[in-house]
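# give me the fold of what follows.
(one chain, ligands or ions: 1)
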Amino acid sequence: MFTERIVETGKGRLHFRRETLTGLSCRISSERIKRGIDQACSIEYSPEGCPFCGGNLTSDTPVFADGRRILVGESVTFPNLYPFAEWHTVTVISREHTVSTFSMEQVADAFTGQLESLEGHDGYPSINWNFLPSAGASLAHPHLQGLVDSIPSPLAARYLAGSEEYRKEHGRNYWDDLRKTERRAGRVLMDGGILWLANPVPLGEKEIRGILPISRLSQFSPLIKDLVRDLLQIISFYKELGTHAFNLSLFFDKEGCDHGFSAFCSIIARINPNQLSLSDSAFMERLHLEPVILTMPEDLARMYRQWKGTEST
Ligand SMILES: [Zn+2]
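Numbers count the residues shown, from 1 in each chain. So this is what the prediction gives:
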């Protein structure tokens, strides 16, 4: 499912990997993790002036056309005041401005709010989460963002076109083949309703990808609890590794379409908030469009199994 070229550098090995279906590539340099630029999460975020806190939420955020916001548990969903999609909604997950440990209910309710806000909007939906400002969140207050566009974003488009092409060429579903291959490859973290693996060609540091047994948003509701339970495991695992900030995207096919696609959820680790504004995205990620990864996916899966106590150190 991917090709690899290994180059000896004298100090270690560089792994150049390329995913066959999409042509996406990355380079993995495990030596670079020794630089240790990611430090403990050191910044406190004040709730002062936060539009998602307390009474500000009703005075500072917009409502849907029917004059309401969607309320599920403590989550509140409304249209994005500054949209960058044809349909763009925001779900505030918690009443608290900062949350150290999310509960199942908080995150499941927020995903339910997102689902409700996106259903019925024609196009390619995704549910997304930038957690903490160093991961791109403009507000520290935890929130999800839902997008629907008539044209899929470039990453979704590559997988949708690739899946369709693969089915034409092989007469089989790409994701079924991927599940089979990955179950033998030693990169699986969890294998319940959703198959979670350390993505062999990561889009970002420590990418963990969940392949859902569905393709469209209208099929998502019964899977929310499974997804959130697994997601909270991943967030705890990241914390164990010292990572607090992350990005998450969950992609769906368009209603009424069958590209031979599986909905999938990718999570990548981001640098912790830090006083120096150190960034983990540089010219390789932003201009060459090829991420430099520090953790071998095979090592990440092994670390996960050791953390869970299912593999000895
Ligand atoms: Zn707040």
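# against residue 22, how distant is the residue most central in space within the chain?
Per CA atoms, centre = their mean, the C-alpha nearest to the average position across the chain is that of residue 248, at 2.1 Å. Remark: distance between residue 248 and residue 22 (CB to CB, to the nearest Å) = 19 Å. C-beta here means a position set from N, CA and C on the backbone, and glycine is covered the same way.
# what pLDDT does the residue nearest to the centre of the chain get?
Residue 248 is assigned a predicted lDDT (pLDDT) of 98.
# same question, residue 89
Residue 89 carries a pLDDT value of 98.
# just to revisit the earlier point, can you pull up the bridge partners for the residue lying closest to the residue nearest to the centre of the chain once chain neighbours are set aside?
Leaving aside its chain neighbours, residue 248 sits nearest to residue 129 (4.1 Å; criterion: CB to CB, 6 or more residues apart in numbering). As for beta bridges, residue 129 partners with residue 144, residue 248 under DSSP bridges.
# check the gap between residue 129 and residue 142 for me.
8 Å.
# spell out which parts of the protein neighbour the ion.
47, 50, 52, 53, 97, 141 (CB under 5 Å from the ion).
# try it again at 8 Å.
Counting by CB under 8 Å from the ion, the positions of the chain adjacent to the ion are 47, 50-54, 56, 96-98, 139-141.
# contact partners for the residue in the stretch 201-313 of the chain positioned nearest to the ion?
Proximity of the stretch 201-313 of the chain to the ion (CB to the ion) peaks at residue 273, 15.4 Å away. The neighbours of residue 273, taking CB atoms under 8 Å, 6 or more residues apart in numbering as the test, are 41, 42, 43, 45, 132, 133, 134, 244, 245.
# and the first one, how many neighbours?
For residue 41, the number of neighbouring residues by other CB atoms under 10 Å comes to 18.
# quick one: residues contacting it.
Counting by CB under 8 Å, 6+ apart, residue 41 has contacts 132, 244, 245, 272, 273.
# please enumerate the helices of the stretch 51-200 of the chain.
Remark: helices assigned in the stretch 51-200 of the chain by DSSP state H, counting those that start in this stretch are 56-60, 104-118, 154-170, 174-185.
# where along the stretch 151-300 of the chain do the strands fall?
Along the stretch 151-300 of the chain, counting by DSSP state E, counting those that start in this stretch, strands occupy 188-191, 195-198, 208-211, 245-251, 264-270, 292-293.
# one step back: ok, now which ones touch the residue nearest to the centre of the chain?
For residue 248, the contact set (CB under 8 Å, 6+ apart) comprises 128, 129, 131, 231, 265, 266, 267.
# re the thing from before, most tightly surrounded among the helices of the stretch 51-200 of the chain?
helix 104-118 (a mean of 22; mean count of other CB atoms under 10 Å).
# so how far is the ion from residue 103?
18 Å (CB to the ion, to the nearest Å).
# contacts only, for residue 122.
Counting by CB under 8 Å, 6+ apart, the residues that residue 122 touches are 148, 150, 254, 255.
# ugh, typo on my part, it should be residue 33
294, 295.
# that older thread, so among the contacts of residue 273, where is pLDDT lowest?
residue 42 (73).
# tell me how many other residues crowd that residue.
The local packing of residue 42 (other CB under 10 Å) involves 10 other residues.
# give me the three-state assignment for it.
coil (DSSP: H, G, I helix; E, B strand; the rest coil).
# for it, phi and psi?
With angles defined as degrees, to the nearest 10, residue 42 sits at phi -120, psi 0.
# give me the neighbour count for the residue of the stretch 101-250 of the chain found nearest the ion.
Nearest to the ion, among the residues of the stretch 101-250 of the chain, is residue 141, at 3.3 Å (CB to the ion). Applying other CB under 10 Å, we find 21 other residues in the vicinity of residue 141.
# and for residue 70?
Applying other CB under 10 Å, we find 18 residues neighbouring residue 70.
# look up how far residue 105 lies from it.
For residue 70, the distance to residue 105 - CB to CB - is 16 Å.
# and for residue 223?
Where residue 105 is concerned, residue 223 sits at a distance of 16 Å (CB to CB).
# give me phi/psi at residue 18?
phi -140, psi 130.
# what residue, apart from its backbone neighbours, is nearest it spatially?
Closest residue in space to residue 18, ignoring its immediate chain neighbours: residue 25 at 4.3 Å, by CB to CB, 6+ apart.
# picking up where we left off before, now render the contacts of residue 122 as JSON lines, adding distance to residue 280.
Output for the contacts of residue 122, formatted as JSON lines (distance: CB to CB, whole Å):
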{"residue": "148", "distance to residue 280": "29"}
{"residue": "150", "distance to residue 280": "32"}
{"residue": "254", "distance to residue 280": "32"}
{"residue": "255", "distance to residue 280": "36"}
